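A.B. asks: got a sequence here, can you model it:
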Amino acid sequence: TRLKAAAAAEKLAAATAKAAAAKEQTATAKPMDDKAVADKAAADKAAADKAAAEKAVADKAAAEKAVADASKALEAARAQAAQPNDQYTRFGPLYPTASSGRRLALARWIAADSNPLAPRVAVNHIWLRHFGAALVPTVFEFGLNGQPPTHPELLDSLAQAFVANGWSMKALHRQLVTSEAFRLSSAPTGDAQRLDPDNKTYWRMNARRMEAEIVRDSTLAVAGNLDRRMSGPDLDPNLGLSLPRRSLYFRTSKEKKMTFLALFDSANVSECYRRTESVAPQQALALVNSGLTLSQSRSLAAQLSRAALDESGPDRAADGGGADLATDRRFIELAFARIVGRQPVSAELAECLQFLEAQSRRLADAKALTVFTGTADAGPKPSPHPRQRARENLVLALFNHNDFLTIR
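C.D. replies: Below you'll find the model as predicted:
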């Protein structure tokens, strides 16, 4: 037992000594291990950077080679596309590269001296635009299904002159508008109305309503606000009531058109032969309530009031509206001359004077007025003076006058 205890004590002492030696060795070698780890990390990073650089160079070389191959393939494809090749499936008929001359032959046949159809059609259209009625009522059909011309000799004479003048539409327009028939009055006189109520013999000018574009442009023109600049891009039809450009420059299509023009039978993009002419209550409502006529009536009323005051004298403008009989009378005369194109008859003058007086009294009572919110009003604001406000209303009424909308 003692021997065993002594042997165990010796083993314990040896293990303790060995552990102490290992501990001392570990403590001595630790700083060297940390430096080795740092050196190894730096070496690994350098190796990784080198590998990444080598990979980037390899990738760049591969990309450059791919671009070169693609460029070469593109040039080859272009060269191949330039070569004639009929080894493909056609989706339609193959037309010859050289013209057969059939279209040119058709054009020559249409414009040939022996074919009077084309000049007759052209003359009929232009006559319709100037006189309001066509020489051939069916402007879209000159064949057996159409109606015969009302004045065949006149149609042929104008067609021959049209061709003789080198197909000049300007010369044809001049010939028509300087003719005695064009300069006739539209007022019926004598027994002619009884003998020819439909004016088939053109003993008078046909009275007709202005076309839609002319209605809008005339409203701006009489107020002195029409923008007469030529050319330019097409405009949004939704801006037709605020922009003063001519109606010609606003976009017109089946889906996009100006509502104001559509009410007055604007051009139909599907049929170009002639325009329909309708009479609808919406037309009068548009002229009374639209922002276009409201703004132009206020602008024109201000101009005419200043002109009437200048002619009557500066002492007449005591209330800001020039409220006196002589100024009102002169204002009415100027308004009729500017809008309707004539002087008012005595009954019209008396009616307008009565209207200005009654409307001025009505507008003087601000509590009895109702704010108008029917349309967007971006133009001049109504005058604060009752008399001037009444004049604005009178001008608005004259814009609805039949003589303003009718070409006589």
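
A.B. asks: quick one: distance of stretch 210-229 to the chain centre.
C.D. replies: Relative to the centre of its chain, stretch 210-229 is centred 16 Å away, using C-alpha atoms, centre = their mean, to the nearest Å.

A.B. asks: other residues contacting that stretch?
C.D. replies: Contacting residues not belonging to stretch 210-229 are listed as 240, 243-248, 258, 260-267, 275, 292-293, 296-297, 299-300, 303, 338-339, 399, 404-407 [C-beta atoms under 8 Å, 6 or more residues apart in numbering]. Glycine gets a C-beta too; all of them are placed from N, C-alpha and C.

A.B. asks: list only those of those flagged as buried.
C.D. replies: 240, 244-247, 258, 260-267, 275, 292-293, 296-297, 299-300, 303, 338-339, 399, 404-405 (16 or more other C-beta atoms under 10 Å).

A.B. asks: just the helices in this structure please.
C.D. replies: 2-82, 102-110, 117-131, 152-164, 169-177, 192-195, 212-222, 259-263, 281-289, 291-312, 325-335, 346-364, 386-399, 402-405 (DSSP state H).

A.B. asks: which of those is buried the deepest?
C.D. replies: helix 386-399 (a mean of 22; mean count of other C-beta atoms under 10 Å).

A.B. asks: any weak-confidence spans in this structure?
C.D. replies: Where the chain drops to pLDDT under 70, the residues are 1-9, 15, 19, 21-33, 86, 313-323, 372-378.

A.B. asks: before we move on, back to that, redo the helices of the chain as a markdown table? Include distance to residue 204.
C.D. replies: Output for the helices of the chain, formatted as a markdown table (distance: least, C-beta to C-beta, whole Å):
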| stretch | distance to residue 204 |
| --- | --- |
| helix 2-82 | 69 |
| helix 102-110 | 36 |
| helix 117-131 | 11 |
| helix 152-164 | 16 |
| helix 169-177 | 16 |
| helix 192-195 | 7 |
| helix 212-222 | 21 |
| helix 259-263 | 29 |
| helix 281-289 | 25 |
| helix 291-312 | 30 |
| helix 325-335 | 28 |
| helix 346-364 | 23 |
| helix 386-399 | 25 |
| helix 402-405 | 16 |
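
A.B. asks: show me the one of these that comes nearest residue 142.
C.D. replies: Residue 142 sits nearest to helix 117-131 of all these, at 6.3 Å, using C-beta to C-beta.

A.B. asks: neighbouring contacts of the closest one?
C.D. replies: Residues contacting helix 117-131 (C-beta under 8 Å, 6+ apart): 110-111, 134-136, 139, 142, 149, 155-156, 158-160, 162-163, 167, 169, 172-173, 176-177, 181-182, 202, 205-206, 274.

A.B. asks: neighbours of residue 227, how many?
C.D. replies: 12 (other C-beta atoms under 10 Å).

A.B. asks: could you measure from the closest residue to residue 342 other than its chain neighbours over to residue 348?
C.D. replies: With sequence-adjacent residues excluded and distances taken as C-beta to C-beta, 6 or more residues apart in numbering, residue 342 is closest to residue 336, at 6.3 Å. Computed as C-beta to C-beta, to the nearest Å, the residue 336 to residue 348 distance reads 7 Å.

A.B. asks: what does residue 291 give?
C.D. replies: Counting by C-beta to C-beta - residue 291 and residue 348 are separated by 27 Å.

A.B. asks: and for residue 239?
C.D. replies: With C-beta to C-beta as the criterion, residue 239 and residue 348 are 36 Å apart.

A.B. asks: again, but for residue 274
C.D. replies: Taken as C-beta to C-beta, the span from residue 274 to residue 348 is 34 Å.

A.B. asks: then residue 207?
C.D. replies: 19 Å.

A.B. asks: now swap in residue 355 and tell me
C.D. replies: Taking C-beta to C-beta, one finds residue 355 at 10 Å from residue 348.

A.B. asks: residue 192 now?
C.D. replies: On the measure of C-beta to C-beta, residue 192 and residue 348 end up 27 Å apart.

A.B. asks: do the same with residue 34
C.D. replies: Counting by C-beta to C-beta - residue 34 and residue 348 are separated by 115 Å.

A.B. asks: go on, residue 341?
C.D. replies: Distance from residue 341 to residue 348, by C-beta to C-beta: 14 Å.

A.B. asks: if I pick the residue lying closest to residue 396 once chain neighbours are set aside, what's in contact with it?
C.D. replies: Closest residue to residue 396 apart from its sequence neighbours, by C-beta to C-beta, 6+ apart: residue 297 at 4.0 Å. The contact partners of residue 297, by C-beta under 8 Å, 6+ apart, come to 223, 392, 393, 395, 396, 399.

A.B. asks: residues near residue 188, how many?
C.D. replies: So residue 188, with other C-beta under 10 Å, has 15 neighbours.

A.B. asks: measure it to residue 206 for me?
C.D. replies: Taking C-beta to C-beta, one finds residue 188 at 12 Å from residue 206.

A.B. asks: residue 357 now?
C.D. replies: With C-beta to C-beta as the criterion, residue 357 and residue 206 are 39 Å apart.

A.B. asks: please apply the same query to residue 295.
C.D. replies: In terms of C-beta to C-beta, residue 295 sits 32 Å off from residue 206.

A.B. asks: now residue 141
C.D. replies: For residue 141 relative to residue 206 (C-beta to C-beta), the value is 22 Å.

A.B. asks: quick one: which of those two has more around it?
C.D. replies: Neighbour count, other C-beta under 10 Å: between residue 141 and residue 206, residue 206 has more, with 15 against 12.

A.B. asks: and the residue lying closest to residue 196 once chain neighbours are set aside, how many neighbours?
C.D. replies: Excluding the flanking residues, the one nearest residue 196 by C-beta to C-beta, 6+ apart is residue 203, at 6.1 Å. Residues lying near residue 203 (other C-beta under 10 Å) number 15.

A.B. asks: tell me which residues touch residue 203, please.
C.D. replies: 184, 192, 196.

A.B. asks: show me what contacts the closest residue to the first one other than its chain neighbours?
C.D. replies: Spatial nearest neighbour of residue 184, chain neighbours left out: residue 205 (4.9 Å); criterion: C-beta to C-beta, 6+ apart. With contacts taken as C-beta under 8 Å, 6+ apart, residue 205 has the following neighbours: 131, 181, 182, 183, 184, 185, 186, 408.
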